[in-house]
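K.L.:
Would you be able to build a 3D model of this:
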Amino acid sequence: MSTARPGQGGNDTAAAAREHLDKLVDEVGKIQSELSAMGAKVSKLASEGLSRAQEGAAEGVHEAEEAVRRNPLAALAIAVGLGLLLGAFMRR
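P.N.:
Okay, here's the model as predicted:
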């Protein structure tokens, strides 16, 4: 025979529900912490990638400027040729 009194089963159910809720809250907290850490890593990686891209672009501009200084007539001819090509494409 069971020694449980009438109505006590509801208290057991409520306690079990509270226990499950507490576990769920703990798991959600852990997930939030992990997502926050992942977000910080992604932000750092994106920042590093942007810095590398900016450095590469600045280096490319510097190299282009040097090429123009070394060969000004060739640079002028290339600019004129590109202008003519773009003008021809824009007309069509």
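K.L.:
so where's the chain uncertain?
P.N.:
Within the chain, the set of residues satisfying pLDDT under 70 comprises 1-10.
K.L.:
So which residues of it form helices?
P.N.:
8-70, 72-91 (DSSP state H).
K.L.:
what's the angle from the longest one to helix 72-91?
P.N.:
Here helix 8-70 runs at 120 degrees with respect to helix 72-91, directions being taken by axes from the mean of the first three to the mean of the last three C-alpha atoms, to 10 degrees.
K.L.:
next one: helix 8-70 to chain centre, how far?
P.N.:
Relative to its chain's centre, helix 8-70 lies at 8 Å (C-alpha atoms, centre = their mean, to the nearest Å).
K.L.:
next one: the shortest one
P.N.:
For helix 72-91, the distance between its averaged C-alpha position and the chain's averaged C-alpha position is 38 Å (C-alpha atoms, centre = their mean).
K.L.:
buried residues in it?
P.N.:
Within helix 72-91, no residue counts as buried by 16 or more other C-beta atoms under 10 Å. Heads up, the C-betas are built off the backbone N, CA and C, glycines and all.
K.L.:
outside of that helix, which residues touch it?
P.N.:
Applying C-beta atoms under 8 Å, 6 or more residues apart in numbering, the contact partners of helix 72-91 are Ala67, Val68.
K.L.:
The same query, at a cut-off of 10 Å, please.
P.N.:
Ala64, Glu65, Ala67, Val68, Arg69, Asn71 (C-beta atoms under 10 Å, 6 or more residues apart in numbering).
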